[in-house]
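Trainee: Here is a sequence together with a model predicted from it:
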Amino acid sequence: MFDRLSIRQKIGWGYGLVIGVVLVGITSAFLTETYYKKPLQTQLKIDQEKAKVLDGLSQSLLQLKHNQDNLVQSLSNSQDIEKIEQGVSALRSNIFVMNNQLQQLQNIPETTDNQIQQDYQGLQDLTQRYKERLNNYAPQFEKLIQTTEKPNLNPKILQSVQKSLINLNRSTGITQVYPLYSETTQLENRFRKRAETAIEYYEQIEVFGHRIIIITLVISGGLATILAIGIGGMIAIPLDTMIKVAEQVSEESDFALQAPVTSSDEIGVLTQSLNHLILRVAEYTEELQKAKIVAEAANRSKSVFLANMSHELRTPLNAIIGYSEMLHEESEDLGYTGFLPDLERIQTAGKHLRDMISDILDISKIEAGHVTLYLENFPVDKLIEDVITTATPLAEKNNNVLKVKAKPNIGTMYADMPKVRQILLNLLSNASKFTEKGTIYLIVERTQEKPPIPEDDELMYGLIGNSSQYLVFRVRDTGIGMTDEQLQHIFKPFIQADASTTKRFGGTGLGLAISQRLCQILGGVITVESKMDKGSIFSVWLPVHVKG
Ligand SMILES: Nc1ncnc2c1ncn2[C@@H]1O[C@H](COP(=O)(O)OP(=O)(O)OP(=O)(O)O)[C@@H](O)[C@H]1O
Ligand SMILES: [Mg+2]
């Protein structure tokens, strides 16, 4: 059931559970506290109040005894009327206060607790006894004291009042305060004690409530942690597996691999999609593989066909060129000068055709992987000399000057000389072809620098050899130049910088394609810089020691 939930639902339920636990915990803590605290608070208030009033009552009782004694004392002295009056009013207010206190004590609430019931009973008995004594005492005291409120008081009257008061005190037993006093304080202590116990209990309830909240928070914290780890694991573990499977598939191209589907949530769907993707990639790879094999076979047969055809074409062509040369010579000898221009045209066209066929043969061989390197040690200045001798007539044809810039001791190189020669002649023939009345330089230098290949061009890096020294042959011209757009395509076979080139300059667009591939076969690279109407620089980087 849990497995069938989506990740979002799982997280939602998880948070819900944690929040639920927190809410239940806090609510139960609050309810428990309220349930136990409320009655306790009421009882505590009553107990504290009763204890306070009882305390007041016992104080009032002591005060009563004191006031009685004072009044008796004052009555013995008729001069001191003011003191007598003070004593009387003190006693009166004393009685008034006590009556009030008794009134307060009489208010006894309902209770089911036996212990409290007993104390309330004791309180009732006590107030009853107090009242009886006060009710007995107060009217008699008032009657007696009225005598002292008459004018012309003489010591005799006062003495008799004093005696009567002493008697009244004795008879009513109000002066016998101690039994009542100790009973009052005992009862007060019991109420006070119970209030103290209630306060302790109150505090315990509070601590209990706090504990519930703390335990709740700990449980919910634990739950949240478990959920976080659980959900994290639920997401991370299958993701890890998927990453491993994807990496293994891409590294080993093992398309039989599938990631295990362990749930039906988003991760499960993602895993299924990955598995589906692997299957699709497997299908496409197989199709591509088949297509590649077919294409390679077709390409091979095309190259073989072209190689054979070129060979087959070259033999009769050489015969045509040969015979036209012979005819040219013979016509010259016999004085048939009228035939000469046509025979020259046959020769030029034949040679051009042979060059083109030879280029086609070269590119076919390269593409079919049939190029064999014949490596040898040779002096570089010898190569330069050779190339310049061949290229000079080409350059001069367009009124160009061909110059060489090379250090005197340029040294030797270990490479396939005819192929290097072919590359340089292709470049020089281009420079001569696309420059008019300009200067063409062949600049040669030996360097320890690395060829300028973009670092992300892994293909190029794979092709070039990692040599410690390079020979750089630069062919610089002041010809028509090329735009950046044209530069993108010039190394592709049969492609020329623009469509009008063939018309204006002839050629098949194979020279640079052949040169670039030959360079790569030799572990080198060709780079080009060019500006429209300004000229071009082609640089050939070749290792000093080509590896076979
Ligand atoms: N030095 C140069 N100046 C200006 N354009 C050039 C130069 N070298 C090459 N190009 C351009 O690059 C194109 C491709 O050159 P490439 O040598 O491959 O072919 P081609 O010279 O036209 O024919 P082929 O070399 O087969 O006779 C040329 O047609 C030309 O447009
Ligand atoms: Mg060319």
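Mentor: Cool, got the structure. Residues are numbered from 1 along each chain as shown. Ligands and ions are numbered 1, 2, ... in the order given.
Trainee: all contacts plus neighbour counts: C-alpha atoms, from now on.
Mentor: Will do.
Trainee: quick one: low-confidence parts of the stretch 101-250 of the chain?
Mentor: 151-153, 173-178 (pLDDT under 70).
Trainee: those helices in it, which residues are they?
Mentor: 114-148, 155-172, 177-252 (DSSP state H, counting those that start in this stretch).
Trainee: Mind putting those helices into JSON lines with distance to Leu274 and mean neighbour count?
Mentor: Listed next are the helices of the stretch 101-250 of the chain as JSON lines, based on distance: least, CA to CA, whole Å; neighbours: other CA atoms under 10 Å:
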{"stretch": "helix 114-148", "distance to Leu274": "78", "mean neighbour count": "15"}
{"stretch": "helix 155-172", "distance to Leu274": "108", "mean neighbour count": "16"}
{"stretch": "helix 177-252", "distance to Leu274": "8", "mean neighbour count": "16"}
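Trainee: So for Ile423, which of these sits nearest?
Mentor: Minimum separation from Ile423 across the helices of the stretch 101-250 of the chain (CA to CA) falls at helix 177-252, 38.7 Å.
Trainee: For Val529, give the beta-bridge partners.
Mentor: For residue 529 the amino acid is Glu, not Val. Beta bridges link Glu529 to Ile537 when assigned by DSSP bridges.
Trainee: And it, how far from Ser536?
Mentor: 6 Å (CA to CA, to the nearest Å).
Trainee: In terms of neighbours, single out the busier of the two.
Mentor: Ser536 (24 against 15; other CA atoms under 10 Å).
Trainee: In contact with the closest residue in space to that one that isn't next to it in sequence, which residues?
Mentor: The shortest distance from Ser536 to any non-neighbouring residue, by CA to CA, 6 or more residues apart in numbering, is to Ser530 (4.1 Å). Going by CA atoms under 8 Å, 6 or more residues apart in numbering, Ser530 touches Gly481, Met482, Thr483, Asp484, Leu487, Ser536, Ile537.
Trainee: other SSEs contacting the helix or strand hosting Ile388?
Mentor: Assigned by DSSP states H and E, Ile388 belongs to helix 380-397. Helices and strands touching helix 380-397, by 3 or more CA pairs under 8 Å, 6 or more residues apart in numbering; DSSP states H and E, are strand 401-406, helix 417-433.
Trainee: Output these in CSV; the columns should cover mean pLDDT and distance to ligand 2.
Mentor: Formatted as CSV, those follow (pLDDT from 0 to 100; distance: least, CA to the ion, whole Å):
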stretch, mean pLDDT, distance to ligand 2
strand 401-406, 96, 17
helix 417-433, 96, 5
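Trainee: picking that back up, nearest to ligand 2 among the helices of the stretch 101-250 of the chain would be which one?
Mentor: helix 177-252 (42.1 Å; CA to the ion).
Trainee: Mind giving me the packing neighbours of the helix or strand following the closest one?
Mentor: Toward the C-terminal end, the helix or strand that comes next after helix 177-252 (DSSP H and E) is helix 266-334. Under the contact definition 3+ CA pairs under 8 Å, 6+ apart, helix 266-334 sits against helix 177-252, helix 340-367.
Trainee: In TSV: those, plus distance to Asn100.
Mentor: What follows is these, written out as TSV (distance: least, CA to CA, whole Å):
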stretch	distance to Asn100
helix 177-252	16
helix 340-367	126
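Trainee: Now find how far off-centre stretch 478-498 is within its chain.
Mentor: 48 Å (CA atoms, centre = their mean, to the nearest Å).
Trainee: Which among the helices and strands packed on helix 380-397 is found nearest to Leu180?
Mentor: helix 417-433 (136.0 Å).
Trainee: Right, I'll call it a day here.
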